[in-house]
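Sequence first, predicted model second:
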Amino acid sequence: MAALAPAQIDAYRRDGFLVASGAARPADFAAMRAELDAWVEDSRARTANYGETQMGTPRFDLEPGHDAAKPRLRRVNNPAEISETYRAVAFDGPLADMASDLLGPDVKFLHGKINLKLPGTATRVDYHQDFAYVPHTNDDVTTALVMLDDMTERNGCLMVVPGSHREGQASLWDGARFTGAVSAAKAVDCARRAVPIHGRAGDVCIMHAKLLHGSEPNASAAPRRLYICMYSAADAFLLQRNSLPNRFEGAVVRGNASRRARLDPGRVELPAPFDGASFFQVQEDGARPA
């Protein structure tokens, strides 16, 4: 039985995104929030990025200015590796069914992360496409953002550019420098065309990996936290190392694995390899003069 209505699937095809409810079972949703609250509390005692992922980079990424009184945890990399609840939400619940409705019967997992904008933090996301960080042989790749809190314009909601997934790949390079974001001129056009994604805690925004998107800092007293999972069709294969390697990479969540790669025509621009704790650092570094 389909998890998404035909109208939602049509909206995804047309606009490059959709918003739905019921991506996680109530008990799992409550457990995710409780675990994340505990990780934020633990971060108060830390003075630098900490934990370790499969690739040796920190699992927990702290925004500059973090301290015990005002924690600024901004990223948890691949929480499914350290939490059965986060794994189950990505693999066993309605979220993977939704991905299958959009990508076809055979779907695999790429990676997951939690992006946080705690009250008063400065984290913003410059306009970009996820596909540019994880280029594949075809573009049946999608990003599911489960809202762990209500998401509003005041707390730095996602801003998306409708229809931009049908406009090809946007460059995230400035000459020989990988900035992780579109050019300044392109960003102005994105901001002009962008619409805000509002939602209630427990909703999910699912967007095409080539959809241009960004977000502003949190200007409210309420947190804005997202559990983000990326999925692909089973016959879409990475052209470069996963930006967030993990032990679940390539695991089939619905249907069957594929022995054949499906190739879209044309050229794909590759990202520069990076070893930081998150793409926030890539964009910060890319914004600095070379």
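Looks like it came in fine.

Tell me what the residue positioned nearest the centre of the chain is bridged to.
Closest residue to the average C-alpha location of the chain: I228 at 4.4 Å, with Cα atoms, centre = their mean. Following DSSP bridges, I228 is listed with bridge partners K113, L145.

Enumerate every residue touching it.
By Cβ atoms under 8 Å, 6 or more residues apart in numbering, the contact list for I228 reads 112-115, 143-146. To be clear about C-beta, it is placed using only N, CA and C from the backbone, and glycine gets the same treatment.

again with V107
Residues counted as contacts of V107 (Cβ under 8 Å, 6+ apart) are 96, 99-100, 231-234, 252-255.

what's the closest non-adjacent residue to it?
Counting by Cβ to Cβ, 6 or more residues apart in numbering, V107 lies nearest to R254, which is 4.4 Å off, once chain neighbours are set aside.

The one you found and S171, how far apart?
33 Å (Cβ to Cβ, to the nearest Å).

who's more crowded, those two?
R254 (19 against 14; other Cβ atoms under 10 Å).

K108 versus that one, what's the distance?
Distance from R254 to K108, by Cβ to Cβ: 9 Å.

Also F60?
Taken as Cβ to Cβ, the span from F60 to K108 is 26 Å.

three-state assignment of M230?
Taking DSSP: H, G, I helix; E, B strand; the rest coil as the rule, one finds M230 in the strand state.

which residues touch the closest residue to it other than its chain neighbours?
With Cβ to Cβ, 6+ apart as the criterion, M230 has its nearest non-adjacent residue at 4.0 Å, and that residue is L110. L110 makes contact with 134, 141, 230-232, 238, 242, 249-250, according to Cβ under 8 Å, 6+ apart.

Distance-wise, check the residue nearest to the centre of the chain relative to V89.
11 Å.

Can you pull the residues that touch both of the two?
V146.

re the thing from before, check the residue nearest to M230 and give its pLDDT.
L110 carries a pLDDT value of 98.

Please determine how far it is located from G255.
15 Å.

With G168 instead?
28 Å.

Looking at those two now, which is surrounded by more residues?
Ranked by neighbour count (other Cβ under 10 Å), G168 and G255 place G255 first, with 15 against 12.

what about the strands in this structure?
17-20, 60-62, 73-77, 107-117, 125-128, 141-147, 158-160, 173-174, 177-178, 195-196, 204-208, 213-215, 224-233, 252-254 (DSSP state E).

Redo those strands as a markdown table? Include distance to D10.
Output for those, formatted as a markdown table (distance: least, Cβ to Cβ, whole Å):
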| stretch | distance to D10 |
| --- | --- |
| strand 17-20 | 9 |
| strand 60-62 | 37 |
| strand 73-77 | 33 |
| strand 107-117 | 20 |
| strand 125-128 | 25 |
| strand 141-147 | 15 |
| strand 158-160 | 17 |
| strand 173-174 | 34 |
| strand 177-178 | 35 |
| strand 195-196 | 17 |
| strand 204-208 | 13 |
| strand 213-215 | 20 |
| strand 224-233 | 19 |
| strand 252-254 | 21 |
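
ok, for A2, nearest residue in space, not its chain neighbours?
A2 sits nearest to D101 (Cβ to Cβ, 6+ apart), 5.3 Å away.

Run through the stretch 151-290 of the chain and note the low-pLDDT ranges.
275-290 (pLDDT under 70).

at 80 instead, please
Low-confidence segments of the stretch 151-290 of the chain (pLDDT under 80): 274-290.

count of residues packed around R241?
Neighbours around R241, by other Cβ under 10 Å: 12.

no wait, Y227
27.
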